[in-house]
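1. with the sequence up front, the predicted model follows.
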Amino acid sequence: MKLQVKLVKSPVSSKPNHIRIVEALGLHKVNSTKVFEDTPAIRGMIFKVKHLVSVVEIGD
């Protein structure tokens, strides 16, 4: 299974840790999307910034 992650809110006024997580996910601008394998590490990163992103599960 894969996860499509979309940045829906700017992390500019967020905590520095949240900004680093969004950058580590490779999301640079609002409405940018990335597809990741469903791993516990990615799930943890998404959980930390769940107020900034939307997630769609893509079945393979």
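-> Received, thanks.
2. now the helices for this structure?
-> 16-24, 40-48 (DSSP state H).
3. any chance of these in CSV with mean neighbour count as columns?
-> Glycine gets a C-beta too; all of them are placed from N, C-alpha and C. Listed next are these as CSV, based on neighbours: other CB atoms under 10 Å:
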stretch, mean neighbour count
helix 16-24, 14
helix 40-48, 13
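4. make JSON lines from those and add mean pLDDT to it.
-> What follows is those, written out as JSON lines (pLDDT from 0 to 100):
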{"stretch": "helix 16-24", "mean pLDDT": "96"}
{"stretch": "helix 40-48", "mean pLDDT": "96"}
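5. between the ones you listed, which gets nearest to residue 2?
-> Checking those against residue 2 by CB to CB gives helix 40-48 as the closest, at 9.8 Å.
6. quick one, what contacts residue 3?
-> Residue 3 makes contact with 35-38, 42-43, 46, 55-58, according to CB atoms under 8 Å, 6 or more residues apart in numbering.
7. and if we set it to 6 Å?
-> With contact taken as CB atoms under 6 Å, 6 or more residues apart in numbering, residue 3 is in contact with 36, 38, 55.
8. could I get these as TSV with distance to residue 10?
-> Conversion of those to TSV gives the following (distance: CB to CB, whole Å):
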residue	distance to residue 10
36	21
38	26
55	18
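9. now do the strands in the protein.
-> 2-7, 33-37, 53-58 (DSSP state E).
10. out of those, deepest packed?
-> Stretch with highest mean neighbour count among the strands of the chain: strand 2-7 (a mean of 17; mean count of other CB atoms under 10 Å).
11. quick check, pLDDT for the residue nearest to residue 1 when sequence neighbours are not counted.
-> Nearest residue to residue 1, sequence neighbours excluded (CB to CB, 6 or more residues apart in numbering): residue 38, at 4.5 Å. The model reports residue 38 with a pLDDT of 94.
12. hmm, residue 38 is touching residue 4, no?
-> No. Residue 38 sits out of contact with residue 4 when judged by CB atoms under 6 Å, with a separation of 10.7 Å.
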